[in-house]
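Chemist: Sequence and predicted structure below; questions after.
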Amino acid sequence: MSDGNADGAEAVVRDYYDALRSGDPLEPYFLEDESTVKFGISEALFGSESVREALEEQTATTTDWTVESDHLVVAERDAFATFADEVTMAWTDAETGANRQFETRWSGTLVRDGRSERDAAGDGAAPQWRFATMHVSTADDL
C-alpha cells in the first residue's frame, strides 16, 4: 500500500481520478516516453505522443464524468509503483449528448519521474509519479 505521502503513487492515482472528473488536463500524469502505453476500453495507445493526443481529445469531447473507485490497491517501491482498481465510470459525449457508463478494471505501473516539473519548479505543476502503463477494461461477464 502507499505510504500515505501526499506526493505518493496512491495520491497521484486519486488525483488523476479527480482530474478526470473535473475535466482538467490528464496528459501531465503520463510519462513522456515512447515506451508509455495506455489501453482504454476501445483503444490501444503506444508512445506518449499518442497518449497525449487521445487524452486531449477525450477531455475536449466528454463532460460530466463520474469516477467511483471501489478497490484501489497501490504498492510503492523505490522507483516504481503498481496499482489496480475496480472503477465505475460514466460520462456524457459532448457532441451527441449520449451517456456512457461502464464497470471497469484498471491496472498499471507508475514510475518516479526525476524530470517532473514539480521537481524543477517546486510549484506542484506535475506529479512526481507518472503512469508508464495504464490498462482499463470492462468487467462484463462472459
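Modeler: Arrived safely, thanks for sending. Residues are numbered from 1 along each chain as shown.
Chemist: any idea how far residue 30 is from residue 133?
Modeler: Relative to residue 133, residue 30 is positioned 10 Å away (CB to CB, to the nearest Å). Just so you know, the C-beta spots here come from the backbone N, C-alpha and C atoms, and that holds for glycine as well.
Chemist: neighbour-wise, which of these two wins?
Modeler: Summary of the neighbour comparison: residue 30 and residue 133, criterion other CB atoms under 10 Å, with residue 30 having more neighbours (24 against 17).
Chemist: before we move on, the earlier item: what sits in contact with each of residue 30 and residue 133?
Modeler: The contact sets of residue 30 and residue 133 overlap at 36, 38 (CB atoms under 8 Å, 6 or more residues apart in numbering).
Chemist: looking at this, residue 42 is in a helix?
Modeler: No: using DSSP: H, G, I helix; E, B strand; the rest coil, the assignment for residue 42 is coil, not a helix.
Chemist: Let me know the distance separating it from residue 50.
Modeler: In this view, residue 42 and residue 50 are 14 Å apart by CB to CB.
Chemist: More neighbours: which of those two?
Modeler: Regarding residue 42 and residue 50, a neighbour count based on other CB under 10 Å identifies residue 50 as having more, with 16 against 7.
Chemist: Helix or strand: which one has that one?
Modeler: Element membership for residue 50 (DSSP states H and E) is helix 48-61.
Chemist: List the buried residues for the next helix-or-strand element following that helix?
Modeler: Once helix 48-61 ends, the next helix or strand along the chain (criterion: DSSP H and E) is strand 62-69. Neighbour-count burial for strand 62-69, with 16 or more other CB atoms under 10 Å as criterion, is recorded at 62, 65, 67.
Chemist: quick check, nearest of those residues to residue 75?
Modeler: Taking CB to CB as the measure, residue 67 is the one of those closest to residue 75, at 21.1 Å.
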